[in-house]
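**Q** requesting a structural model of the entry that follows:
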Amino acid sequence: MWRIAVIPGDGIGPEVTTEALRTLREVAPDVEPDLLDHINADRFLASGTALSDQDFARVQRCEGALFGAVGDPRVTDPGYARDVLLRLRFDLDLYVNHRPTRLLHDRLSPLRDPARRALDCMVVRENTEGLYVGVGGAVRPGTVHETAIDTEVSTYRGVSRAMEFAFARAARSVCLVDKANAVPHNGSLWQRCFGEAAARHPEVATRHLYVDAAVMELVRDPTEFDVIVANNAHGDVLSDLTAQLAGGPGIAASANLNPRTGFALCEPLHGSAPGLTGTGSANPVAAVLSAALLLDCAGRTEEAETIRSAVRRTVADLRCTPDLGGTLTTAQAASAIRQALV
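**A** Here you go, the predicted structure:
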């Protein structure tokens, strides 16, 4: 049996995760889900507990995890989301955030030049360091003298292992994106690790762009990019941009993984989308493709490609939700994907 933790979470998370799990079971009948549907805002509001040590231990005993979404407008404490998703990332040492993006159909691209629409690239984001580690604080908060400090943390070990993953996954090239001209200490470490990885992989072409130039180049011609490697904050933003260039957050999947242990936590990019909760209009594609990524990370690439091929066919045939040009509900769109599995 293949044991995975399933954390539906908040908002549309339970709706799309249910459909993703059903699809996963069609191609991987040996999957054994451990459902942790109590990890959500309701429990946090009632008890103050986001992710208990017992919950974490259950996830840790699994071979991977499928995650829905975290976030609820009733919860104003930013510690809730941090204690769920960031704890899983940090404590499981899921040091790579791997976000592959491929245009599913020409009509979904916002670019007017057909020759530049065929986006097929990957953002590799260092996932356990940077600005998201929570180093910093505030002096005299709530006053006119408030001073806020957030410190960006990069280590040689953290940067070099993310860099190695990026070069190992490259088909053509790796582009380092940073802001070394304005943040020189972090920038010099990233560029050092980039140069060392490039020397180990002479067959891979390399390129360096500052983050502002990279954003412009992605919009001008995203087909130029194969693998982009960046720090936690830059990778977060760049992968949102590549998702939008491929059709929006409803089709974007990501994997938080530790390539050494093989553990992966896969999730859609779209978040909890509370305005869509219960409407039946949430797009299940990102969650379904997250299940495919989970298969990839488990070495089950044939089953993963079966799911991706089914998604491409249904989107091409307009058997999808309204955000992709169709008229189907969440459940109907997911059912169409399962019918297209061959």
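
**Q** switch to C-alpha atoms for all contacts and neighbour counts from now on
**A** Noted.

**Q** which parts of this structure are strands?
**A** For the chain, the strands defined by DSSP state E cover 2-9, 31-35, 65-69, 96-102, 120-126, 136-139, 147-150, 173-178, 205-210, 227-230, 253-257, 264-268.

**Q** and the angle for the fifth one with strand 96-102?
**A** By that I understand strand 120-126. Strand 120-126 and strand 96-102 are oriented at 170 degrees to each other (axes from the mean of the first three to the mean of the last three CA atoms, to 10 degrees).

**Q** which residue ranges form the helices in the stretch 201-342 of the chain?
**A** Remark: helices assigned in the stretch 201-342 of the chain by DSSP state H, counting those that start in this stretch are 211-220, 232-245, 285-297, 301-316, 330-339.

**Q** and of those, who's closest to P141?
**A** helix 232-245 (24.1 Å; CA to CA).

**Q** contacting residues around the closest one?
**A** The contact list for helix 232-245, computed with CA atoms under 8 Å, 6 or more residues apart in numbering, reads 99, 101, 103, 109-111, 117, 119, 123-132, 177-178, 211, 215, 218-219, 229, 249, 251-252, 269.

**Q** list the buried residues for that helix?
**A** 232-236, 238-245 (16 or more other CA atoms under 10 Å).

**Q** please apply the same query to stretch 214-233.
**A** Neighbour count says stretch 214-233 has 214-215, 218-219, 221-233 buried, by 16+ other CA under 10 Å.

**Q** dump that stretch to CSV, restricted to CA.
**A** Provided in CSV are the C-alpha atoms of stretch 214-233 (Å, rounded to 0.1, in the frame of the first residue of the first chain):
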residue,chain,number,x,y,z
ALA,A,214,13.0,38.4,-15.0
VAL,A,215,9.4,39.5,-14.5
MET,A,216,9.6,41.6,-17.7
GLU,A,217,11.2,38.7,-19.7
LEU,A,218,8.6,36.2,-18.6
VAL,A,219,5.9,38.4,-19.9
ARG,A,220,7.8,39.2,-23.1
ASP,A,221,8.6,35.6,-24.0
PRO,A,222,8.1,32.9,-21.4
THR,A,223,9.2,30.2,-23.9
GLU,A,224,12.8,31.3,-23.3
PHE,A,225,12.8,29.7,-19.8
ASP,A,226,13.3,26.1,-18.8
VAL,A,227,14.2,26.1,-15.1
ILE,A,228,14.2,29.2,-12.9
VAL,A,229,15.8,29.0,-9.5
ALA,A,230,15.2,31.6,-6.8
ASN,A,231,15.0,32.3,-3.1
ASN,A,232,11.8,31.8,-1.1
ALA,A,233,10.2,35.2,-1.7
